[in-house]
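Q: Let me see the structure of the following:
(2 chains)
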Amino acid sequence: MDIPASPSVVLCRAVCKSFRGKGHAAATQALDGVALTVPTGAMVALVGPDGAGKTTLIRLIMGLMPPDSGAITVLGHNIVQSPHAAESSVSYMPQKFGLYEDLTVQENLDLYADLHNVSTRERRERYPILFSMTNLGRFSDRLAGRLSGGMKQKLGLACALVQSPRLLVLDEPTVGVDPVSRRELWSILLDLVKQQSLTVLVSTPYLEEAELCGHTVVMFQGRILAEGAPQAVADYARQRTFHLATRPGVQPRRVAAAWLTNSAVVDAVPEGGQVRVVFKTPAGATATPPSVPDEPGFRGAGPDVTVFKEVQPHFADGFMVLLRQAMAPPRDLPASPGGGAPLPVSARGAAPPPPQTAAMPSAEPVVEVRDLVRRFGNFVAVDQVNFQISRGEIFGLLGPNGAGKSTTFRMLCGLLPLTSGTLRVAGHDLRHARASARQTVGYVAQKFSLYSHLSVRDNLEFFASAYGLRGRRRRQRLAWAVAEFGFSTLLASATGRIPDGFKRRLAMACALLHEPRILFLDEPTSGVDPLARREFWKRITAMADEGVTVVVTTHFMEEAEYCDRMVIMMNGRILAQGTPAAIRQLGATAAVTEPTMEDAFIHVVRRDPRRSSSQAGT
Amino acid sequence: MNGFWRILALIRKELGAIIKDPRSRFVVVIPPLVQMIVFGYAGTFDLTHVPYVLIDQSRSRESLQFLSRLDGSGVLTRIGQVDNIQQARPLLDSRRALLIVQIPRHFQREILLGRSADLQVIADGRNSNTAALAIGYLNQIVSRFNSSIPRRPAASAPPSVSLRIRSWFNPDLLSRWQITPAIIGLITMIAVMILTAMSVAREREQGTFDQLLVTPFTPLEIMLGKVAPPILIGLAQSAAIFLIVRYWFQVPYYGSAGAIALCFVLFIIASAGLGLLVSSISSTMQQALLGSFAVVMPCALLSGLATPIANMPRAVRDITLLNPMRYDVQAVREAFLQGATVRQLWPEFIPMALIALVSLLTASWLFRHRVT
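A: Next up, the predicted model:
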């Protein structure tokens, strides 16, 4: 049954898989005739928005469920007929790797070695390699539950590699992991491919990670849109990608939000103080951007933009071009969160106000934090933190796992008492504030805090009641939420069964029903695909324009570009504070003249002397 | 006023969550019914079937007379007759017989002489309760047999004092009358505590509790919204089980409607309070579930439901004063069998109300001050 000397490790042909709809929902076609080849020794990235079929494809390849039709061969074994045939030479790291949190690092490793029948002799060879690779050696006695997110993922990787596989399959291994740990994880993977001639298949929502792989596969709606070297995907955006310099005082994120609504534009994001725009049609020979039609609510081509410059397309630009092409005819809502017809920019349904100048945020501080300290026993989670946030600002809290972002955040929201210092949100300490003070605040937790047994409608109605909405206003706001977030077909569905993208929208909708003046968002875009992230930021930008103050934590460095001001936290302290442009400049070195936000972040964090000692925070 | 609407919304949401989730729906309805039926039939100390082995060495008219009474009792069943103890032994060992009844050789002669005749009875003592009950039945039969023996006039029977026992409230001393009403409390306490403890723990686990805390809900409102649905469900359960006890098991109810209603209300609020207390110190659903059982089990054992509180050591008896089920069991029995009214039950109602109040207040304090 072995097909001898197959040059490819994984071979999929015409693979189809559909899932039966629950209740009244129609069946979903998760995979629709997928053909995929993973050559020996290659590192292949699977990218695509949520619901593209990445995880389904990976699970089929792992033999965890059978395809409806098609052939899958892994290391020469027919996986459709004998799902366990390749088991001993394939390691799999699912999205949530099964670490035992009450066991130590060493015990977890031993357990997986036992499960895979790794002999004592092999362990003696293997363990030192794994420990030096992951840098976990000195934490071998620590409980897995007390490792940081990044270290947990490294331990998961070590456990997956304990049996020296020939193929390693990873499903979104870096979701929820901070940039520093992500870089470390990727350098481990790249070394593995280089030194141990391992074949790796990895799915990721981070497009810049795909650029690190030799081969990329872009999936959308159960189909493969394109595959090839990252550069080949980037080339789809060749001659279509431009940097727009904005007039001084005009915030790039506002220009980007405006451009994103234009039908001639595929993508527009703030980047390095400018706006990166990808157009639908290529530029002419003169390297001038295609003309942009005037559309209602769009005035981007006019006074705010000064210079256009064609730039080298990135993988992400090509990806966006492919996706926009694939969903060319505006499609019905559910399958394309963020895609299709442009959503109204305004959160309130009114016409967007003209972009305001950078000096816009008024001086009155909405959030004031002075000498904030929070201790847990001997551990100082937040240490003398100071910042102020003005009305209408988008304020970012950035930092690696365990930096104290979440603790600060929870104190701001009144969920955690402070040890010392003062804290004012709209003039109150929310922990002791009367109900009326909390009426002005919206909060979206990292995990969608929704009642999964209740229907979408019940969730909306419950939160409307919780915020005391009644009568006409209640009906208006509920109708707004349904229209704005596209829930009309989902109202009766149990919330636990709707796609993740919609759960995230619902959590957002519930927090916005009462039109809060201050919005707290805890990692709102973690694990969110690029399309949904753009939709999200468009909405946030529009809200800030209307004077809503937004406090947001994020792991995505490029998202810091959307902030008016930001702080970088580490070990409970603020390492840097300022506008994105000022922070970016901190990453400047002799070698890097135009530092990206990520360069700056890593530079700032690595410079912190206490980093190594407490990297394994909470 | 706003607070009232918010609480109402929370109650509606909680009830909706229980009713819309097929598993919760099942848990609220089926186990209590099954428990009631099982306890009602199995939870009785009355013996209805006592198998015995006979060794009749007398084989006389008198022994036959005695045996006809024995077999005519409707409770004792002869499963066999053997010649000696050695032959009877395996039947007892294998639990096929509960008693060995040996009628001695001189049985007839002693009776005719007006002397007392010894009857040897060997009982299976491995279950002392059952053995004692079986011997008790046998004693009754023997004493009735004794009184039927015609005494010779010459013997001029000495005047004797005889006890005539009559049990009030439960004339036949049926243990079902004693147990089933008291079990209503146990079943509802389990349901109410678990529902309360889990509803908070579920929100903690799913992260929705934080969401509630940032809304204008005050901790008190959240608490009220959280305890009200389990209380409503507990009341419905109690009512349903009460009807089963009354009409299916035909236990007479002599008390006033107000007495039993107030008893259920107070006891269920106290149970919800304890559930909330458990939930305020547990952060996962598993902890909440185990914590609830850690409270319910001692409450049941120390309630007087199965073993009389009067028999417990002093220290344990003092502990039972903190146990709401103790008062519930007492009050329910008095209401059922004695026909107690609300007025007569204040000594039970006041401690239950105090326990409810203290547990709810402590739980709300813990909610506000717990550091997570």
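Q: tell me the contacts of the residue in the stretch 1-150 of chain B that chain A sits nearest to?
A: Residue nearest to chain A within the stretch 1-150 of chain B: B:A9 (3.1 Å; Cβ to the nearest Cβ). Any C-beta I mention is one placed from the backbone N, CA and C, and that applies to glycine too. Applying Cβ atoms under 8 Å, 6 or more residues apart in numbering or on different chains to B:A9 gives the contacts A:E461, A:F462, A:S465, A:A466, B:G225.
Q: ok, those residues vs A:V444, which is closest?
A: The shortest gap between A:V444 and any of those belongs to A:A466, at 14.4 Å (Cβ to Cβ).
Q: Tell me, how many residues neighbour the closest residue to that closest one other than its chain neighbours?
A: Computed as Cβ to Cβ, 6 or more residues apart in numbering or on different chains, the closest residue to A:A466 that is not its neighbour in sequence is B:T215, at 4.2 Å. Here the count is done by other Cβ atoms under 10 Å in any protein chain shown, and B:T215 has 26 residues near it.
Q: State the distance from B:T215 to B:R23.
A: Counting by Cβ to Cβ, to the nearest Å, the separation of B:T215 from B:R23 is 27 Å.
Q: now do B:M285
A: Computed as Cβ to Cβ, the B:M285 to B:R23 distance reads 12 Å.
Q: Please verify my assumption that A:E523 contacts A:T553.
A: Yes - proximity of A:E523 to A:T553 meets the contact threshold set by Cβ atoms under 8 Å, at 5.4 Å.
Q: Quick check: residues of chain B near chain A?
A: B:2-3, B:5-6, B:8-10, B:12-13, B:16-17, B:20-21, B:206-208, B:210-218, B:371-372 (Cβ under 8 Å from any Cβ of the partner chain).
Q: Weed out the non-buried ones from those residues.
A: When those are checked for burial by 16 or more other Cβ atoms under 10 Å in any protein chain shown, the buried set is B:6, B:9-10, B:12-13, B:16-17, B:21, B:206, B:208, B:210-218.
Q: tell me the SS of the residue of the stretch 401-550 of chain A found nearest chain B?
A: Proximity of the stretch 401-550 of chain A to chain B (Cβ to the nearest Cβ) peaks at A:S465, 3.1 Å away. For A:S465, the secondary-structure state derived from DSSP: H, G, I helix; E, B strand; the rest coil is helix.
Q: Now for residue 254, how many residues are close by?
A: I went with chain A, as the question did not name one. Around A:R254 sit 26 other residues, with neighbours defined as other Cβ under 10 Å.
Q: oops, I was thinking of chain B
A: Neighbour count for B:Y254, taken as other Cβ under 10 Å: 13.
Q: any idea how far A:V321 is from it?
A: 84 Å.
Q: and if you look at A:T495?
A: From A:T495 over to A:V321 (counting by Cβ to Cβ), the distance is 34 Å.
Q: The two: which has the busier surroundings?
A: More crowded of A:T495 and A:V321, by other Cβ under 10 Å: A:V321, with 25 against 22.
Q: Touching, the more buried one and A:Q239? I think so.
A: No - under the criterion of Cβ under 8 Å, A:V321 is not in contact with A:Q239, lying 11.0 Å apart.
Q: Buried ones in the longest helix along chain B, by neighbour count?
A: Among all segments of chain B classified by DSSP state H, the helix with the greatest residue count is helix B:175-206. By neighbour count, and taking 16+ other Cβ under 10 Å as the criterion, the buried residues in helix B:175-206 are B:176-206.
Q: Could you do stretch A:258-278 as well?
A: For stretch A:258-278, the buried set under the neighbour-count rule, 16+ other Cβ under 10 Å, comprises A:258-262, A:264-278.
Q: Tell me the confidence at B:D172?
A: What the model reports as pLDDT for B:D172 is 64.
Q: coming back round to it: can you check which residues contact both of A:E523 and A:T553?
A: Counting by Cβ under 8 Å, 6+ apart, A:E523 and A:T553 have no shared contacts at all.
Q: mean confidence for stretch B:334-349?
A: Within the predicted structure, the mean pLDDT of stretch B:334-349 is 88.
Q: Alpha carbons only: can I get it in CSV?
A: Listed next in CSV are the C-alpha coordinates belonging to stretch B:334-349 (Å, rounded to 0.1, in the frame of the first residue of the first chain):
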residue,chain,number,x,y,z
GLU,B,334,-45.5,18.4,61.6
ALA,B,335,-47.5,20.0,58.9
PHE,B,336,-48.3,16.7,57.2
LEU,B,337,-49.0,14.4,60.1
GLN,B,338,-49.8,16.6,63.0
GLY,B,339,-51.7,19.3,61.0
ALA,B,340,-49.5,22.1,62.3
THR,B,341,-50.4,25.7,61.3
VAL,B,342,-48.2,28.6,60.5
ARG,B,343,-48.5,29.7,64.1
GLN,B,344,-47.2,26.4,65.5
LEU,B,345,-44.3,26.3,63.1
TRP,B,346,-42.6,29.7,64.0
PRO,B,347,-39.8,27.8,65.9
GLU,B,348,-38.9,26.2,62.6
PHE,B,349,-39.6,29.1,60.3
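Q: Now do the domain split for the chain, please.
A: This is for chain A. Listed by automatic domain parsing, the domain ranges of chain A are A:8-228, A:236-326, A:453-511.
Q: Chain B, not that one
A: Under the assignment named as automatic domain parsing, the residue ranges that make up the domains of chain B are B:13-44+B:174-369, B:50-153.
Q: just for the chain, where's the confidence low?
A: If you meant another chain, say so; for now it's chain A. A:1-6, A:21-26, A:284-304, A:328-363, A:434, A:527, A:609-618 (pLDDT under 70).
Q: hm, I was asking about chain B
A: For chain B, counting by pLDDT under 70, the residues that fall below are B:1, B:43-46, B:150-174, B:369-372.
Q: Kindly recompute the last result at 50.
A: Scanning chain B for pLDDT under 50 picks out the ranges B:154, B:156, B:158-160, B:371-372.
Q: Tell me where it has strands.
A: In chain B, strands defined by DSSP state E lie at B:50-56, B:76-81, B:99-103, B:120-123, listed in chain order.
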